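*Asks:* Sequence and predicted structure, then a few things I'm wondering about:
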Amino acid sequence: MSSSNRQLSLNLFIYPGGHHEAAWRYPSSAPERAFDITYYQELARRAEAAKFDAIFFADGPVLADNIRYSSRFRLEPLTWLSAIAAATSRIGLIATSSTTYYEPYNLARLFASLDHLSGGRAGWNIVTTGAAQASANFGYPEQPNHAERYAKAAEFVDVVTKLWDSWEDDALVIDKDAGIFADDEKIHAIDHVGPHFRVKGPFNTARSPQGRPVYVQAGSSDDGRSFAARYAEAIFTAHQTLISAQRFYADIKHQAAGLGRNPDHIKILPGISPYIGSTEAEAQRLFDEFNHLVQPAYSLGQLRNMTGLDLTGHDLDGPFPRHLIDTSGPNGVASRFQLVVDIIDREKPTIRQLINRLAGARGHYVSIGTPEKIADEIQTWFETGAADGFNIMPPWLTGGFDAFAGEVLPLLRKRGLFREEYAGRTLRDHFDLPRPDSIFSGVARASA
Ligand SMILES: Cc1cc2nc3c(=O)[nH]c(=O)nc-3n(C[C@H](O)[C@H](O)[C@H](O)COP(=O)(O)O)c2cc1C
C-alpha cells in the first residue's frame, strides 16, 4: 500500500467490563454478562460493522490479585474466539497465549484450528507472561527470569512456525478418483531439537488459510523489542507520550530493516483509552466519574505488580516515595515498570494522582476530550512515526466502544484515514500483510 493511502489498523481490545479498573462498577457497564457468549458475539459484530481489523483478548494463566474489588478474571481466549468466529465473518480474532506456560505442538494446533474455522482470521499475541504467580500453577519453583523467558519464546516461535509450515500448501489433494487424500511427500517432519523443545512433527492438519496466523507480540523491554523486530507482524505496546511512542516505533522499524525485514510488514499498535465528551469539560467529568469508583486497596495492588512497591498504609495524598523503588531490574513486565517510573519522574504525582492516572488503562495512553481532539491525537501519532494504528481500549463496555465508533470513527473516515469497507477476508488482508510461503515449499519437488 502506498504511503498516500496508508490506513489505520484498529483493534477492539476487550476486557469483560471495560478497561478502567473500576469499569465493572459503572452504572451502564454489564459485568453480569461477562460469562455470556452472546455479549462478546454482539461486541464483535459491532466492531465488525465498524470495519475494525480485529478484536483482541489479553490473557494470563493466573488469578489477578484482589478479585474482591475487581472484575479481572480470565476466560480462555481461544475458546471464546472460536464461538465468536461462528458469529462473525470478516473481523480478525487475536488471542494472547504465553510461550512460558504453553507447549508448542498444542498451541500450534489451537491457532491453526482457529484459522481454519474462521476462514483465515486468527492472530497469536505472543507473550512470555509477566505475572510471576503463574509459575505456581504449573509446578515451577519460580517464574523463569526475563531473559530466559525470551530465549524460550524465540525457540517456541521457531517450532510453531515449522509446524504450521510442515504441510505445503498443495499437500491436500482430495482426489476421489485416484484415491489420494494428501500428497505425503509434501508433508514434512520438522525434527526440531533445541535447548527447550524436541518436536518431531509433522503437524497433524493441513496448512491454514493464512499459511501462518498473524504473529502479534506484546512486550516492549529491550529483549521484547529484539524479539518483536525478528518475529512480530503487529505489536501491542504502551506509551504515555508521543515522543516515547516515536522512539519505540523508530527502534523497531530500524531493527527489523537491519534483519532484512520490510518495516511496513510490522504494524505498531499502541493502546489508547478514549474518554469522549461533547466538550473538554464533559469528557473530564466522565473520567472523574470513573475515578470516584476507584478502590485504593485494589489500585495499590496494581501498583505493586507494576513497581514491586507495596504502599499500603501510606498517605494517599502525600508525595510518591520514589526513593523506595528498587530499580535493580524487575523480572515482570520491564517496560511497564519503566513507564510508571517515568510518570513519577516527569509529573511528581501524589500516590492518589498516580493510581488514578493508571486506573484508566494500566499505563496505556488515556485520551480525554471531544471527538475532534481524540481524532487529532490519533492522526498525529499515525502521521508522525508513532503508530500504524491502535488497540482501542474502551473505558467501559459497550457504551465506551459505541461512543468511539459513533463519534470518532466518522472523523477518521472523513480524513481518509480509515476504511469504509473491508478490502479482503483474512486478518493478513486487513493488516495488509503478505501470506508467507512455507519454508518447505519446493522441498519435495527439489528432491523428487
Ligand atoms: C502492551 C503489553 C501488553 C501485554 N499483555 C500481556 C498479556 O496479556 N498477558 C501476559 O501474560 N503478558 C502480557 N504482557 C507482558 C509480556 O508477557 C511480556 O512477554 C513479558 O512479561 C515482558 O514484558 P517486557 O518485555 O515489556 O518486559 C504485555 C506487555 C506489554 C508491553
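*Replies:* It's in.
*Asks:* so how far is residue 100 from residue 310?
*Replies:* 25 Å (CB to CB, to the nearest Å). The C-beta positions use only the backbone N, C-alpha and C, and glycine is treated the same way.
*Asks:* what about those two, which has more around it?
*Replies:* Ranked by neighbour count (other CB atoms under 10 Å), residue 310 and residue 100 place residue 100 first, with 21 against 12.
*Asks:* and that one, what is it in contact with?
*Replies:* For residue 100, the residues meeting the contact criterion (CB atoms under 8 Å, 6 or more residues apart in numbering) are 128-129, 134, 143-144, 149, 152-153.
*Asks:* mind checking pLDDT for it?
*Replies:* As predicted, residue 100 sits at a pLDDT of 97.
*Asks:* Report all helices and strands that the longest strand anywhere in the chain contacts.
*Replies:* As far as residue count goes, and with DSSP state E defining each element, the longest strand of the chain is strand 267-276. Packed against strand 267-276 by the contact rule (3 or more CB pairs under 8 Å, 6 or more residues apart in numbering; DSSP states H and E) you find strand 9-13, strand 234-237, helix 242-258, helix 280-291, strand 365-369, helix 371-383, strand 389-392, helix 399-403.
*Asks:* do you know which of the ones you listed lies nearest the ligand?
*Replies:* Nearest to the ligand among the helices and strands packed on strand 267-276 is strand 234-237; the distance by CB to the nearest ligand atom comes to 4.8 Å.
*Asks:* Off-centre distance for that closest one?
*Replies:* Going by CA atoms, centre = their mean, to the nearest Å, the spacing between the C-alpha centre of strand 234-237 and its chain's C-alpha centre is 6 Å.
*Asks:* Does that strand reach the ligand?
*Replies:* Yes: contact between strand 234-237 and the ligand is present through 236-237 (criterion: CB under 6 Å from any ligand atom).
*Asks:* Starting from that strand, tell me which strands it pairs with and how they run.
*Replies:* Partner strands and pairing direction for strand 234-237 (DSSP bridges) are strand 214-218 (parallel), strand 267-276 (parallel).
*Asks:* What average pLDDT does that strand get?
*Replies:* 98.
*Asks:* same deal with stretch 378-396?
*Replies:* For stretch 378-396, mean pLDDT rounds to 98.
*Asks:* So for it, what gets flagged as buried?
*Replies:* 378, 381-382, 386-396 (16 or more other CB atoms under 10 Å).
*Asks:* what would these look like in TSV with distance to residue 345?
*Replies:* Below are those laid out as TSV (distance: CB to CB, whole Å):
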residue	distance to residue 345
378	27
381	22
382	28
386	21
387	24
388	29
389	29
390	26
391	26
392	28
393	24
394	29
395	26
396	31
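*Asks:* Contact partners for residue 28?
*Replies:* For residue 28, the contacting residues are 396, 399, by CB under 8 Å, 6+ apart.
*Asks:* In three-state terms, label it for me.
*Replies:* When states are read from DSSP: H, G, I helix; E, B strand; the rest coil, the local structure at residue 28 comes out as coil.
*Asks:* how near is it to residue 400?
*Replies:* Taken as CB to CB, the spacing of residue 28 relative to residue 400 amounts to 9 Å.
*Asks:* helix, strand or coil for residue 204?
*Replies:* In three-state terms, and counting by three-state DSSP, residue 204 is coil.
*Asks:* Can you tell me how far it is from residue 285?
*Replies:* Applying CB to CB, one obtains 56 Å for the distance of residue 204 from residue 285.
*Asks:* sorry, back to before: so which of the contacts of residue 100 is the closest to residue 13?
*Replies:* The nearest member of those to residue 13, counting by CB to CB, is residue 129 at 17.7 Å.
*Asks:* any idea how far the ligand is from the residue nearest to the closest one when sequence neighbours are not counted?
*Replies:* If the residues on either side of it in the chain are set aside, residue 129 comes closest to residue 98, at 4.3 Å by CB to CB, 6 or more residues apart in numbering. Between residue 98 and the ligand the computed distance is 5 Å (CB to the nearest ligand atom, to the nearest Å).
*Asks:* can you count the residues close to residue 98?
*Replies:* Neighbouring residues of residue 98 were enumerated by other CB under 10 Å; the total is 21.
*Asks:* what's the answer for residue 183, then?
*Replies:* Per other CB under 10 Å, the neighbour tally for residue 183 reads 15.
*Asks:* What of residue 327?
*Replies:* Neighbour count of residue 327, defined by other CB under 10 Å: 11.
*Asks:* Just confirm residue 66 contacts residue 298, I think it does.
*Replies:* Yes: under the criterion of CB atoms under 8 Å, residue 66 is in contact with residue 298, at a separation of 4.7 Å.
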